[in-house]
Each structure stands twice: as C-alpha cells, then as structure tokens.
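Q: with the input below, show me the fold.
(3 chains)
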Amino acid sequence: MRDGVDGRAGALLAWYDAHARDLPWRVPPGRADRPDPYRVWLSEVMLQQTTVAAVRGYFERFTTRWPTVAALAAADDADVMGEWAGLGYYARARNLLKCARVVAGMGGFPQTRAGLQELPGIGPYTAAAIAAIAFDAPEVVVDGNVERVMARMFRIETPLPRAKPEIREKAASLTPDARPGDYAQAVMDLGATICTPKSPACGICPWMDHCRARAAGMAAELPKKEPKKAKPTRYGIAYVGRRADGAWLLERRPERGLLGGMLGWPGAEWGEVAQEAPPAAAIWRDIGVEARHTFTHFHLYLGIRTATLPMDCVPERGEFVSRHDFRPSDLPTVMRKVFDLARDAFETVE
DNA sequence: TATCCGTGGCA
DNA sequence: TTGCCAAGGAT
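A: You can find the predicted model right below:
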C-alpha cells in the first residue's frame, strides 16, 4: 500500500468530503468517531449484490427491531427470516443469525480482517470493508465498484473474472494508509454516482485526469465481462390451501438450497414439467393463471391450485398458520406473487 | 474454478 | 419484453 502521494487518493477523499452520500449506517466524513460495528456489519451484509435503494428500508426495520447484535442474537429464526423476506439471497439471513450469535458470545466483533472473515457470511470483501470502515484498519477493499473503477482507471481490457488479480494489485497501489474507511466508501460512492456501469459521468469525475479509459474514450465499455449463460425455464405447481377458519397451509423450506429457510406454498420440486403434488386431500381448483418469476439462474412458471380445507384436515405436508399470525410480507417474492394471485381467485369465487 | 443463490429498476 | 446490473459468499 502507498500513501497516495501522487494525489489520487487525496483528490478522491476531497471529493468524498464534499459529496459523500448520506446513508443511515454511515458516519459522515471528517468526524473522529467510528460507526457502530453492528450497523456497519448489518449494512455490508445487506448490501451484498443489493442496491442501496433496496437496503434502506430493511436496514431501518432491522435496527429498530434489533438495535444491537445481542438483541439480534436473541431473536427467533422465523422473525429474522420474515423480516428479511423480499431482500433475496436468503443464505445471508441464515448466516446473519449464526454470525450474530457467535459475536454475542464473543462479546463483540473481531477488529481485524482475518478475525472477521472467520465469521459466517463474511467473506474477503465484507471482512476488509468492516475492518476499514468500523475499525480504521488499512485494508484493501475490493468490491464490484472498485473493480469497475480500476478497470477504467488503468484501462484493463481483460474480462472479469479473469482480471481480478490485476485489479486487486491496482486497487492496492491506490489505497492510502490514512482514512482507509473513508477511502473505501469514497470509491464505492464514486462507482455508484459517477463511475456508473452505463453512461459514466466522466466530465465531473475527480479522477478524470488520471483515467486511461476516459482518455481512450472507452470508459463505458469497461470492465469487459465473460458472456453469460442463457437461463433455462422450469415449471411447477403451488398449492394455496385455506382452512375454514382462515388459516393458511404453509411449509418451511429446507435450510439449504433455493429460498432456504423461508416459508412457501407446498408443491413438488420444480423441473422441466410441472408435477401435481397436493399436500392434503381436497378438491383443488386450477385458478387458470400462472405466477412468473425469474431467479438468478432460471425462469419459473408456477401453476396455482386453491382449495378450502375442512377444520379436521390433517395435511400430508406443511402446517397451518392462523390468519392472525400470517403476514404475506414474510414470504419470499415468488411466494408472495402466488399468494396475490390466489387471493384474487378466492375472492372471485365468493 | 464453477455453480448456486433473489430481487427490483432500468434501458 | 428482455437482458443487464447492484457494497459476494458458500460449496
């Protein structure tokens, strides 16, 4: 690491002092106090592959309901999963709880990158980011923003992910020893507001005079990426059962795999063809419309069956959740889509 | 190393 | 409508 004597780190920090985004987990630049490690950790996990706009509301709700890592550690699993519903990548929520319980047992967060990276859900990026932002450690923080900015600054035309080692070297060469937390956040703010993936605003960039891609007129073309695979389509059927007293028949999904640990409507595994698998003996009605949803690596068409179940119903799969306890917002998005369509069908019948 | 794992916004 | 993209981690 260097100290930024060439002026680039200093120029970026000066820009950050004037233009830092106001974010609820952040301490504004220039202040001596450090941010709460709990809030830094929570925000960093939520922000993994997720936009600031999507995270804001979740962060506010989590920190209101669980203001400390000890409070979160004591929470019920189902409450945390429900509060995370809709944010995606649900392994993050499961690891969040595991991590909170380890940290609460330790009496606080480790203050080094190596110590942080031992914890569930904290990888190389997040460990470096927490160490730098919360504990002022001089770590090299490399995320998607940094990769994009470095690829442009140094005109790296090797496609990602092959370019990662070279990008890391360049990132390390620019990282200053002073104010590492502010510097890390400054590069991310630069990537989020100026050095954006499409149509970068090079004309107002604090690094415009240092950027080789801009000099070549190709900033928007970098970084290059390997072509992506086409998404296949899968099919399935979801069973939305409502008991006579208004309770809903739901199923907790397995801990591992897609939507792991989340609530969902019973049904057979999704595949190349939809398979009928009613979770209880009843007259199931095809509502005639499908829920469409696209996951990271496949499209899904989900047929929907509804039934009114008797009070003495003993389902083969799933459990009844009372009308009072059921919150549609506890469902992952695809299951929420199914519910919205099924509810319309129930109301149409009645 | 490659694959799996969500979602919503936007061009 | 379709594809792309966002502060990655686990296996």
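Q: going forward, measure contacts between C-alpha atoms and count neighbours the same way
A: OK.
Q: what residues does the stretch 1-150 of chain A put near DNA strand C?
A: Residues of the stretch 1-150 of chain A lying near DNA strand C by C-alpha under 7 Å from any atom of the strand: A:23, A:43-44, A:47-52, A:89, A:119-127, A:143-145, A:148.
Q: ok, for A:Tyr89, nearest residue in space, not its chain neighbours?
A: A:Leu259 (7.6 Å; C-alpha to C-alpha, 6 or more residues apart in numbering).
Q: are we agreed that that neighbour is in a strand?
A: No. According to DSSP: H, G, I helix; E, B strand; the rest coil, A:Leu259 belongs to no strand; its state is coil.
Q: how close does it sit to DNA strand C?
A: Shown here: A:Leu259 relative to DNA strand C, a distance of 12 Å by C-alpha to the nearest atom of the strand, to the nearest Å.
Q: my read: that residue touches A:Ala93, true?
A: No. A:Leu259 lies out of contact with A:Ala93 (C-alpha atoms under 8 Å); the separation is 10.7 Å.
Q: between the two, tell me which one has more neighbours.
A: A:Ala93 (25 against 22; other C-alpha atoms under 10 Å).
Q: next, the contact list for that one, please.
A: Contact analysis of A:Ala93 by C-alpha atoms under 8 Å, 6 or more residues apart in numbering lists A:80-81, A:84.
Q: any idea which element it lies in?
A: Taking DSSP states H and E as the criterion, A:Ala93 maps to helix A:91-106.
Q: how far off centre is that helix?
A: 16 Å (C-alpha atoms, centre = their mean, to the nearest Å).
Q: may I see the buried residues of it?
A: Neighbour-count burial for helix A:91-106, counted by 16 or more other C-alpha atoms under 10 Å, picks out A:91-104.
Q: between those, which is closest to A:Glu319?
A: A:Arg94 (21.3 Å; C-alpha to C-alpha).
Q: low pLDDT regions in the stretch 251-350 of chain A?
A: For the stretch 251-350 of chain A, the stretches flagged by pLDDT under 70 are A:349-350.
Q: what's in contact with stretch A:253-272?
A: So stretch A:253-272 is contacted by A:81-82, A:85, A:89-91, A:94, A:233-240, A:249-252, A:275-279, A:317-318, A:330-332, A:335 (C-alpha under 8 Å, 6+ apart).
Q: what's the burial count for the spatially closest residue to A:Phe135 that is not a sequence neighbour?
A: Leaving aside its sequence neighbours, A:Phe135 sits nearest to A:Gln111 (C-alpha to C-alpha, 6+ apart; 6.2 Å). Using other C-alpha under 10 Å, A:Gln111 is surrounded by 17 other residues.
Q: for the residue lying farthest from the centre of chain A, give me phi and psi.
A: Centroid-distance maximum for chain A: A:Asp312 at 40.8 Å, with C-alpha atoms, centre = their mean. Main-chain dihedrals, A:Asp312, degrees, to the nearest 10: phi -90, psi 20.
Q: check the one 10 residues further on too.
A: The phi/psi pair for A:Ser322 (degrees, to the nearest 10) reads phi -60, psi 160.
Q: contacting residues around it?
A: Here A:Ser322 is in contact with A:246-248 (C-alpha under 8 Å, 6+ apart).
Q: and if you look at A:Ala73?
A: A:Ala73 neighbours (C-alpha under 8 Å, 6+ apart): A:97-98, A:100-101, A:104.
Q: ok, 10 Å please
A: A:66, A:80, A:96-105 (C-alpha atoms under 10 Å, 6 or more residues apart in numbering).
Q: now, which of the residues you listed sits nearest A:Leu190?
A: A:Leu96 (27.9 Å).
Q: quick one: neighbours of the residue nearest to that closest one when sequence neighbours are not counted, just the number.
A: Sequence neighbours aside, A:Gly121 is the residue nearest to A:Leu96 in space, at 6.6 Å (criterion: C-alpha to C-alpha, 6+ apart). A:Gly121 has 19 neighbours, counted by other C-alpha under 10 Å.
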